[in-house]
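Q: Quick one, structure for this:
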Amino acid sequence: MHWLLILALVIFLALIAVAIYDITQKKHAILRNFPILGHFRYWLETIGPELRQYIVTDNDSERPFSRDQRRWIYASSKNENNYFGFGTDNNLDSAAPYYVIKHRAFPHPLPHQGDPDYDLNYPVPCAKVLGEARGRRRAFRPESVVCVSAMSYGSLGKAAVEALNKGCALSGCLHNTGEGGVSDHHLHGAGLVLQLGTAYFGCRDEKGRFSMEKLEALVETHPQIKAIEIKLSQGAKPALGGILPKEKITEEIARVRGIPMGIDCVSPSYHTAFRDVNSLLEFVELIGGKTGLPVGIKSAVGDLSFWEELTTQMATRSQGVDFVAIDGGEGGTGAAPLVFSDHVSLPFREGFARVYQCFKAQGLDEGVVFVGAGRLGLPGEALMAMAMGCDMIGVAREAMLAIGCIQAQRCHTGHCPAGVATHHPWLMRGLDPTLKAARLANYMVTFRKELLKLAAACGVDHPSKVTEDQFEWL
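A: Purely as a prediction, here's the structure:
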């Protein structure tokens, strides 16, 4: 009996030691937030392939990102081995479309370690100069074809926003603020794309209307802002506004957004600064003229009449957008009605192809930078989007995965276990921004590296030179 008490005491002390280690370490947010219990997730993940082989699911069943896709992002963000053994486990004979990239017999040479022009950062700049075609005073060439697309401070916590911004700075990527305005957590070195949604957070008057004076002051105060994106809609909930419950509105969020505390923050489903294509283009030119910045629009794709009218007017007048960000119906969000997520707006491939053809038919495609988003954060999908005409790729949920998201799908509850989509102090404590920033940078660099390798396999030196002819659909 005596030795059992000693054994129990040893086990108890060991658990206390593990708990102390878990709470004080910064590498794993899950262990920090859930000491001892969090280890079970990693143990189960380790034996997951063996369990799923006989009991549960295969590596490609889960959605929105399969285990294979998540494993590639996790491993890339940690600079670990991201290769897969024993061949593909995809069903190539399935009725579902499956793409194959047709490599060339003589690939384009890539620099190797030791070469004078070898750069571990693998910079892949955008092939176009953003804002050049319309003569914007502050036109520029984005350093990276991959950027972090819109996720606002409010939907994400301050630790996550800081990690994303620092990671973008390390890897030379643009960081889209989302429609929640510019917070202190956005100011860690990365270039920003300021998104203006229907509520004009950070650029609104006391009645919630757009204020050019406040926008000019914001741009002057924050030289990090490199471009402005007017959000018309997003893939997961097109034609809907948003709501930030009053319980999630801190004093800081209220200050950044320019909203009162104590009441729910509701974004309308429509803009009040413009009402049609004509006034939209006037609004774009007003902002571009006042700030000198490139100005674009973000939208999901449904009825094509808007795009046909937009391109027709751009072809016959001096006004136009500098970039177009297309969000596929696969896009994510913190919260949306199921029917909108499942059935409203076209998937990326169909939607982008139709919009791009509208611009091409009017001879406008070379003067506009196209950004694609909606589950494109893996090299093959990104290359396909660029072959279709995209100049840049925006990643959101993949960036969240890189900084620790475990796809718990609790974004709408405010209780994200990984400390990403939450403002809960204990849960946010688990996410160390500096360590997670390095993981995002690793993911971005690896992403660009594999895009370059794929382009080289197709015989070209830049992914924008790959064409749709180099894709085969089975």
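
Q: who's in contact with the residue most central in space within the chain?
A: Closest to where the C-alpha atoms of the chain average out (C-alpha atoms, centre = their mean) is residue 396, at 2.0 Å. By C-beta atoms under 8 Å, 6 or more residues apart in numbering, residue 396 lies in contact with 148, 149, 150, 151, 331, 332, 373. All C-beta atoms are positioned from the backbone trio N, CA, C, and that covers glycine.

Q: roughly how far apart are the last one and residue 72?
A: Counting by C-beta to C-beta, to the nearest Å, the separation of residue 373 from residue 72 is 18 Å.

Q: Residue 287: which of the contacts of residue 396 is nearest?
A: residue 150 (17.2 Å; C-beta to C-beta).

Q: From residue 443, how far off is the closest one?
A: Noted for residue 150: a distance of 18 Å to residue 443, by C-beta to C-beta.

Q: give me the low-pLDDT residue ranges for this protein?
A: Within the chain, the stretches with pLDDT under 70 are 1, 47-58, 84-96, 236, 239, 334-338.

Q: What count of nearby residues applies to the closest residue to residue 263 other than its chain neighbours?
A: Nearest in space to residue 263, with sequence neighbours left out and distances taken as C-beta to C-beta, 6 or more residues apart in numbering, is residue 246 at 5.5 Å. Using other C-beta atoms under 10 Å, residue 246 is surrounded by 13 other residues.

Q: packing partners for the host helix or strand of residue 13?
A: Per DSSP states H and E: residue 13 is located in helix 2-24. Under the contact criterion of 3 or more C-beta pairs under 8 Å, 6 or more residues apart in numbering; DSSP states H and E, helix 2-24 touches helix 29-33, helix 37-46.

Q: Figure out which of the ones you listed is closest to residue 77.
A: For the helices and strands packed on helix 2-24, proximity to residue 77 was assessed by C-beta to C-beta; helix 29-33 is nearest, at 12.9 Å.

Q: Could you list every helix and strand that the closest one packs against?
A: Using 3+ C-beta pairs under 8 Å, 6+ apart, helix 29-33 is in contact with helix 2-24, helix 37-46, helix 425-429.

Q: Reformat those helices as CSV; add distance to residue 400 and mean neighbour count.
A: Formatted as CSV, the helices and strands packed on helix 29-33 follow (distance: least, C-beta to C-beta, whole Å; neighbours: other C-beta atoms under 10 Å):
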stretch, distance to residue 400, mean neighbour count
helix 2-24, 22, 11
helix 37-46, 17, 12
helix 425-429, 14, 16
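
Q: Which one of the ones you listed lies nearest to residue 452?
A: helix 37-46 (30.3 Å).

Q: Which residues does the closest one contact?
A: Under C-beta under 8 Å, 6+ apart, the answer for helix 37-46 is 18, 22, 28, 30, 31, 32, 51, 406.

Q: hang on, the earlier thing: for the helices and strands packed on helix 29-33, give me TSV that also has distance to residue 172.
A: TSV is the format used below for the helices and strands packed on helix 29-33 (distance: least, C-beta to C-beta, whole Å):
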stretch	distance to residue 172
helix 2-24	33
helix 37-46	31
helix 425-429	27
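
Q: Compare these and report which one is nearest to residue 296.
A: Of all the helices and strands packed on helix 29-33, helix 425-429 comes closest under C-beta to C-beta, at 31.7 Å.

Q: list the buried ones in the helix or strand that the closest one is followed by?
A: For helix 425-429, the succeeding helix or strand toward the C-terminus, using DSSP H and E, is helix 433-457. By 16 or more other C-beta atoms under 10 Å, the buried positions in helix 433-457 come out as 433, 435-457.

Q: Against which helices or strands is helix 433-457 packed?
A: helix 67-77, strand 146-148, helix 158-171, helix 379-388, helix 397-402.

Q: again, 10 Å this time
A: With contacts taken as 3 or more C-beta pairs under 10 Å, 6 or more residues apart in numbering; DSSP states H and E, helix 433-457 sits against helix 67-77, strand 99-101, strand 146-148, helix 158-171, helix 379-388, strand 392-395, helix 397-402.

Q: gap between residue 329 and residue 373?
A: In terms of C-beta to C-beta, residue 329 sits 11 Å off from residue 373.

Q: what sits in contact with each of these two?
A: Shared contacts of residue 329 and residue 373 (C-beta atoms under 10 Å, 6 or more residues apart in numbering): 234, 235, 300, 348.

Q: got CSV for those residues, with neighbour count, secondary structure and distance to residue 122 too?
A: Converted to CSV, the shared contacts of residue 329 and residue 373 look like this (neighbours: other C-beta atoms under 10 Å; DSSP: H, G, I helix; E, B strand; the rest coil; distance: C-beta to C-beta, whole Å):
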residue, neighbour count, secondary structure, distance to residue 122
234, 30, coil, 29
235, 29, coil, 28
300, 25, coil, 31
348, 27, helix, 24
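
Q: returning to that earlier point: so residue 329 and residue 373 - more neighbours on which side?
A: residue 373 (31 against 24).

Q: Tell me who's in contact with the nearest residue to that one once chain neighbours are set aside.
A: Once flanking residues are discounted, residue 373 sits nearest to residue 394: 3.9 Å by C-beta to C-beta, 6+ apart. Taking C-beta under 10 Å, 6+ apart, we find residue 394 in contact with 146-150, 173-174, 176, 193, 229, 298, 325-327, 331, 371-374, 376-377, 385.

Q: any idea how far residue 394 lies from residue 43?
A: 35 Å.

Q: next one: residue 276
A: Distance from residue 276 to residue 43, by C-beta to C-beta: 57 Å.

Q: re earlier: and residue 259, which of the helices and strands packed on helix 2-24 is closest to it?
A: Among the helices and strands packed on helix 2-24, helix 29-33 sits nearest to residue 259 (C-beta to C-beta), with 28.9 Å.

Q: how far away is residue 42 from residue 295?
A: Counting by C-beta to C-beta - residue 42 and residue 295 are separated by 45 Å.

Q: and what of residue 347?
A: From residue 347 over to residue 295 (counting by C-beta to C-beta), the distance is 27 Å.

Q: Tell me the secondary structure of residue 460, please.
A: coil (DSSP: H, G, I helix; E, B strand; the rest coil).

Q: tally of neighbours for the residue lying closest to it once chain neighbours are set aside?
A: Leaving aside its sequence neighbours, residue 460 sits nearest to residue 108 (C-beta to C-beta, 6+ apart; 5.7 Å). Neighbour count of residue 108, defined by other C-beta under 10 Å: 16.

Q: Render the CA-only coordinates of stretch 432-449 in PDB, please.
A: Backbone C-alpha positions of stretch 432-449 (Å, rounded to 0.1, in the frame of the first residue of the first chain) are rendered in PDB as follows:
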ATOM      1  CA  ASP A 432       2.400  33.800 -29.000                       C
ATOM      2  CA  PRO A 433       2.500  36.400 -31.800                       C
ATOM      3  CA  THR A 434       6.300  36.300 -32.400                       C
ATOM      4  CA  LEU A 435       6.500  32.500 -32.700                       C
ATOM      5  CA  LYS A 436       3.300  32.300 -34.800                       C
ATOM      6  CA  ALA A 437       4.600  35.100 -37.100                       C
ATOM      7  CA  ALA A 438       7.600  33.000 -37.900                       C
ATOM      8  CA  ARG A 439       5.300  30.100 -38.800                       C
ATOM      9  CA  LEU A 440       3.200  32.300 -41.100                       C
ATOM     10  CA  ALA A 441       6.400  33.500 -42.800                       C
ATOM     11  CA  ASN A 442       7.600  29.900 -43.300                       C
ATOM     12  CA  TYR A 443       4.300  29.000 -44.900                       C
ATOM     13  CA  MET A 444       4.400  32.000 -47.200                       C
ATOM     14  CA  VAL A 445       8.000  31.300 -48.300                       C
ATOM     15  CA  THR A 446       7.300  27.600 -48.800                       C
ATOM     16  CA  PHE A 447       4.200  28.500 -50.800                       C
ATOM     17  CA  ARG A 448       6.100  30.700 -53.100                       C
ATOM     18  CA  LYS A 449       9.000  28.300 -53.400                       C
END
